[in-house]
Structures are given as C-alpha cells and as structure tokens.
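Asker: okay, here's the prediction I keep looking at, along with the sequence it came from:
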Amino acid sequence: MNDYNIDDLDREIIELLSGDARLSNRKIATELGYTEGTIRSRVKRLEEENYIRFTAVTNMAHLDRPQLAYIGIHAEQGQIKKVAKNVAKIPEINGVIILLGRFDILAIGLFEGLPEVHRVASNQILDLEGVRLVETTVAVDVIKYNNRLAKIIVP
C-alpha cells in the first residue's frame, strides 16, 4: 500500500481525465485554476502511485467478428484465488472477478470469434488446476457496452 493520500485537487484531476484522458495538463490547469507544473506533477504522482492509468481501449466496432464473452468458473474451494490469478494471466481475458453467487469466478473477454472463445474457455481455463466447471455466455447483440466500466471514483 502507498503512503500517498489523494486530496480534492487529485479527485478533480481524476474526474476530468475520466471524461477525456487526452486532456492536456495546460487545459486541466486552466479549468481548475492551478499552474501547469502543479497539474503535471499531480498527474505524474497519481500514475506512480497507481491511482490512474492511461490505456487504449479496443472499439468493438472495428473488430471483424467481435465476440464478447463471459466465462463463469466453478473452482475447488481453497483454490479460488489461485485459479483467478491463473485465469488473469491469459492474454485474451480482460477482466477477472471473484464472486459470491452462482460462480466463484467471472472472466470477461473480447474475442475475434467463437472459435477463440471455445479455445480459451475449453482448452485453457478448463485445463487449469482447481477448475471444476466452466460455463460460457456469449453476447449475441450488444445494445450498449461502456468501455469505461473500470472507471473507479476515488473517495
């Protein structure tokens, strides 16, 4: 854990960057009434302390055959965290969540098509030690997909 505690300015910077991660330090500084140097150092510190991360997100509309899949995993009790960590190592998997409910783990991935979904779910995840059962749900029509789902608002 880090010793850096964010303040109101950090929260305002995070909120602005959540709306548009390409905002320049100068524009943020102008909007918030601080110097560009102050904003630049705050953004750098937020990155170094892992409060924010800049990344590119694939737009599903540009994939030939985008296949959004949710893979529910039943794992052996006592091995759930180990299985989740191993699933997280699979490059095609974008999100891994430990759950209470029907499944122990939910893996989420955006794939190039059904054969790739099958390969990952049946040939990689199901073969992991500690995995008892895999159930895959595939999206057939995406009405709305918010790629900002991972946005976390810091208290």
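Answerer: Thanks, I have the structure now. Being a predicted model, the structure only gives us computed values, none of them experimental.
Asker: Gln39 against Asn25, yeah?
Answerer: Heads up, residue 39 is Ile, not Gln. Yes: contact status for Ile39 versus Asn25: in contact at 4.6 Å, counting by C-beta atoms under 8 Å. Any C-beta I mention is one placed from the backbone N, CA and C, and that applies to glycine too.
Asker: quick one, which of the two is more surrounded?
Answerer: When neighbours are counted by other C-beta atoms under 10 Å, Ile39 and Asn25 differ, and Ile39 comes out ahead with 24 against 19.
Asker: list the buried residues for whichever strand or helix holds that one?
Answerer: For Ile39, the element it lies in under DSSP states H and E is helix 36-48. Along helix 36-48, these residues count as buried under the neighbour rule (16 or more other C-beta atoms under 10 Å): Ile39, Arg42, Val43, Leu46.
Asker: what segments of the chain are strands?
Answerer: 67-75, 93-98, 105-111, 131-138 (DSSP state E).
Asker: same list, these, but as JSON lines with distance to Gln124 please.
Answerer: As requested, these are exported to JSON lines (distance: least, C-beta to C-beta, whole Å):
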{"stretch": "strand 67-75", "distance to Gln124": "10"}
{"stretch": "strand 93-98", "distance to Gln124": "9"}
{"stretch": "strand 105-111", "distance to Gln124": "10"}
{"stretch": "strand 131-138", "distance to Gln124": "10"}
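Asker: looking at those, which is closest to Tyr51?
Answerer: strand 93-98 (19.2 Å; C-beta to C-beta).
Asker: pLDDT at His118, what is it?
Answerer: We note a pLDDT of 95 for His118 in this prediction.
Asker: right, I mislabeled it, should have said Gln67
Answerer: Looking at Gln67, its pLDDT is 83.
Asker: one step back: lowest pLDDT pick from the buried residues of helix 36-48?
Answerer: Least confident of those in the model: Leu46, at 91.
Asker: ok, that residue to Thr30 distance?
Answerer: 19 Å (C-beta to C-beta, to the nearest Å).
Asker: for Ile105, what are its contacts?
Answerer: The neighbours of Ile105, taking C-beta atoms under 8 Å, 6 or more residues apart in numbering as the test, are Gly72, Ile73, Ala75, Ile80, Val83, Ala84, Val87, Val96, Ile97, Ile98, Leu99.
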